[in-house]
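# Give me coordinates for this.
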Amino acid sequence: MKIVIQVCIIGLFVMTVAFTGHAADFKYTYGQVAYEDADLTVGSVSSDGDGFSMKGAYEVPGDVFVTASYSLWDLDPGVDVDIWALGAGYHTSLRDGTDLVIHGDFGRVKLSGVSSFGIDTWSADVGVRHRLSDEFEVGGTIGLVKYERRDSVTEYGVQALYHFNESIAAVLSGEFNEDGDTVSLGARYHF
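Next up, the predicted model:
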């Protein structure tokens with residue numbers, strides 16, 4: 001059922017991008033905080049919980065940007081998860097109101113609780129940002145996530161932003177892969 005929902009979300013996104021357009025410049029320099037709900041499955045072990053994240057991006061000349069993020073989750077039964085990542089990306093306009101975005105990062109996931117360990121992660125994705133109006137923006141990504149000592153997994157991402165003004169936006173996003181789902185609700189400040 002999860003894959004059907006993901007395909008429907010991606011299909012709706014593609015149709016929205018194909019049939020609407022709005023001239024707007026995207027900003028790639030921002031700070032963001034969010035509440036996150038996580039449902040993870042690794043092997044036969046499932047866990048869910050919540051936490052928060054802090055993310056930021058800074059655009060450098062030449063349509064390039066750098067990113068940093070940190071998340072802290074409290075999962076059942078008594079597992080704390082710290083995740084940090086550093087990355088870089090490139091964006092280019094496909095047409096008025098639509099950007100193509102390519103991004104990659106390196107990160108570290110640390111689990112502590114009953115047992116403690118950390119693993120390195122690498123990811124790369126390609127996505128689209130699209131402005132429906134001055135206030136509403138939607139986006140979607142598809143990419144690969146590689147965990148240390150494991151095969152890579154395909155990850156899908158969706159996000160919607162409501163821009164209250166040029167600086168402040170509400171963000172609703174989700175990331176979905178075979179190891180779990182994360183949904184977040186937060187606020188973004190564009191510099």
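# Quick one: list the elements packing against the helix or strand where Ala38 lies.
Per DSSP states H and E: Ala38 is located in strand 30-42. Contacts defined by 3 or more C-beta pairs under 8 Å, 6 or more residues apart in numbering; DSSP states H and E place strand 30-42 against strand 45-60, strand 64-75, strand 168-177, strand 180-190. Backbone N, C-alpha and C define where each C-beta goes, glycine included.
# Would you reformat those as a markdown table and include mean pLDDT, distance to Gly118 and mean neighbour count?
Formatted as a markdown table, the helices and strands packed on strand 30-42 follow (pLDDT from 0 to 100; distance: least, C-beta to C-beta, whole Å; neighbours: other C-beta atoms under 10 Å):
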| stretch | mean pLDDT | distance to Gly118 | mean neighbour count |
| --- | --- | --- | --- |
| strand 45-60 | 93 | 17 | 16 |
| strand 64-75 | 96 | 14 | 17 |
| strand 168-177 | 96 | 19 | 18 |
| strand 180-190 | 96 | 18 | 17 |
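# Just checking: what are the partner strands of the strand holding Ala38?
According to DSSP bridges, strand 30-42 has the following sheet partners: strand 45-60 (antiparallel), strand 180-190 (antiparallel).
# what's the neighbour count on the residue lying closest to Ser123 once chain neighbours are set aside?
Computed as C-beta to C-beta, 6 or more residues apart in numbering, the closest residue to Ser123 that is not its neighbour in sequence is Val145, at 4.5 Å. Neighbour count of Val145, defined by other C-beta atoms under 10 Å: 20.
# Then Ala124?
16.
# now swap in Asp96 and tell me
Neighbours of Asp96 (other C-beta under 10 Å): 11.
# related to what we said a few turns ago, need the helices and strands packed on strand 30-42 in TSV (columns: distance to Arg150).
Converted to TSV, those look like this (distance: least, C-beta to C-beta, whole Å):
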stretch	distance to Arg150
strand 45-60	14
strand 64-75	19
strand 168-177	12
strand 180-190	14
